[in-house]
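Peer 1: Requesting a structural model of the entry that follows:
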Amino acid sequence: MSLISIVIPLYNEEGNVPELLRRLETVMEAVTQSGDDYEIVAVNDGSQDRTLGLLRAERVGRPRLVIVDLSRNFGHQIAATAGLDAARGDAVVLMDGDLQDPPELIEAFLAKWREGYDVVYATRKSRKGESPFKLLTARIFYRTIRRLTNVSIPVDTGDFRLMSRRVVDALAQTREKHRFLRGLVSWVGYNQIGIEYERDARTFGKTKYPFSKMLRFAIDGITSFSEIPLRFATYLGFMISAFAFLYVVVILVLKILGLNEPGYTSMMVAILFLGGVQLITIGIAGEYLGRIYDQVKSRPLYLLSSVERSAGPAEHGTLPRAERDIETALASTRRPTL
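Peer 2: The predicted structure is shown next:
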């Protein structure tokens, strides 16, 4: 008997929670009929609406529903990581809670997993309800990151995928702070295959990824898996230095020939241009330096407020990482008895 875990990071998704759980249970009933079992790991990422209250209300009579409540909003990728740490399934499905990724696709995921694949990812044939600008930037992002990084990240895929237990365990060993999960999944390797699907439009609420977050996410993806921006800054510095040397030679020749003229405008253009190039290269180096600084502080990826789980069969594994972390934290605060 296998246990299937469905991990869902949630932030202000009160309008989607009841329908999401209903559709998931409908799909997973077929899993129980085949002799397997499942759990739904819902991660509340510091929601400001009634998401946590609804989850607790829905958990009544649902022993398979696990609620992981983070101490604050840590962001989608960290919340997903907390869910993966808490999941104890032999296969783990990661999906968003906005119902744009159809739970009905999980059956196809499981079929491929039983064929021996370790990762089954969903490839978007279309993206309903999204603006032309969002579609264009997404297209540019996937193709750019594929060219810049040293891992083969499938084009037009999100985080909606199934992973085997050994892939989830491999991800648990990577604890970098600026996480780009779809890149990490590609990095760990193993047998991977994609399934195409039509992505639905969001039915409730608004996207949690405005342009500023999308840009930050893209930068995280590139800096996590590529040194090309740093090399670009180096090459650009060499090129500017070469042009500057040639310009100095030209000025000296003109001076010797008596043809030099006052050039305040050209001088200001040169100064501003070089100043801009310097700021860009310093900014690129700063992005990498900031990530190193965050990493060496060795703070935990997230803090847990609570994990609400019904007791499960022992054969499904040891206490998940998230709950082990809570037990360790509680143990460290207990006073020794005399």
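Peer 1: Tell me the helices and strands packed up against the lengthiest helix in the chain.
Peer 2: Ranked by residue count, the top helix of the chain under DSSP state H comes out as helix 264-296. Secondary-structure packing of helix 264-296 (3 or more CB pairs under 8 Å, 6 or more residues apart in numbering; DSSP states H and E): helix 211-225, helix 228-256. Any C-beta I mention is one placed from the backbone N, CA and C, and that applies to glycine too.
Peer 1: Those: which one's closest to residue 180?
Peer 2: Among the helices and strands packed on helix 264-296, the nearest to residue 180 by CB to CB is helix 211-225 (4.3 Å).
Peer 1: model confidence over that closest one, on average?
Peer 2: If you average the pLDDT over helix 211-225, you get 69.
Peer 1: Report the residue ranges of every domain in this structure.
Peer 2: 3-225+303-333, 228-296 (automatic domain parsing).
Peer 1: Could you say which of those domains is packed most deeply?
Peer 2: Mean neighbour count (mean count of other CB atoms under 10 Å) peaks for domain 3-225+303-333 among those, with a mean of 18.
Peer 1: How far does that one sit from its chain's centre?
Peer 2: Its chain's C-alpha centre and that of domain 3-225+303-333 lie 9 Å apart, by CA atoms, centre = their mean, to the nearest Å.
Peer 1: next one: stretch 243-253
Peer 2: 48 Å.
Peer 1: Please name the nearest non-neighbouring residue to residue 119.
Peer 2: Spatial nearest neighbour of residue 119, excluding adjacent residues (CB to CB, 6 or more residues apart in numbering): residue 192 at 4.0 Å.
Peer 1: Redo the helices and strands packed on helix 264-296 as TSV? Include distance to residue 158.
Peer 2: What follows is the helices and strands packed on helix 264-296, written out as TSV (distance: least, CB to CB, whole Å):
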stretch	distance to residue 158
helix 211-225	11
helix 228-256	24
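Peer 1: Tell me which of the ones you listed sits nearest to residue 5.
Peer 2: Using CB to CB, the nearest of the helices and strands packed on helix 264-296 to residue 5 is helix 211-225, at 24.5 Å.
Peer 1: By mean pLDDT, point me to the weakest helix or strand of the protein.
Peer 2: Within the chain, no helix or strand scores below helix 321-333, which has a mean of 49 by mean pLDDT, DSSP states H and E.
Peer 1: beta partners of residue 119?
Peer 2: Taking DSSP bridges as the rule, residue 119 bridges to residue 163, residue 192.
Peer 1: can I assume it is in contact with residue 191?
Peer 2: Yes: the pair residue 119 / residue 191 is scored as a contact, 7.2 Å apart, by CB atoms under 8 Å.
Peer 1: quick one: contacts for residue 299?
Peer 2: Applying CB atoms under 8 Å, 6 or more residues apart in numbering, we find residue 299 in contact with residue 177.
Peer 1: List phi and psi for it.
Peer 2: Note on residue 299: its backbone torsions stand at phi -80, psi 150 [degrees, to the nearest 10].
Peer 1: And it, how far from residue 65?
Peer 2: As for residue 299, its distance to residue 65 is 30 Å (criterion: CB to CB, to the nearest Å).
Peer 1: And for residue 175?
Peer 2: Using CB to CB, residue 175 is found at 27 Å from residue 65.
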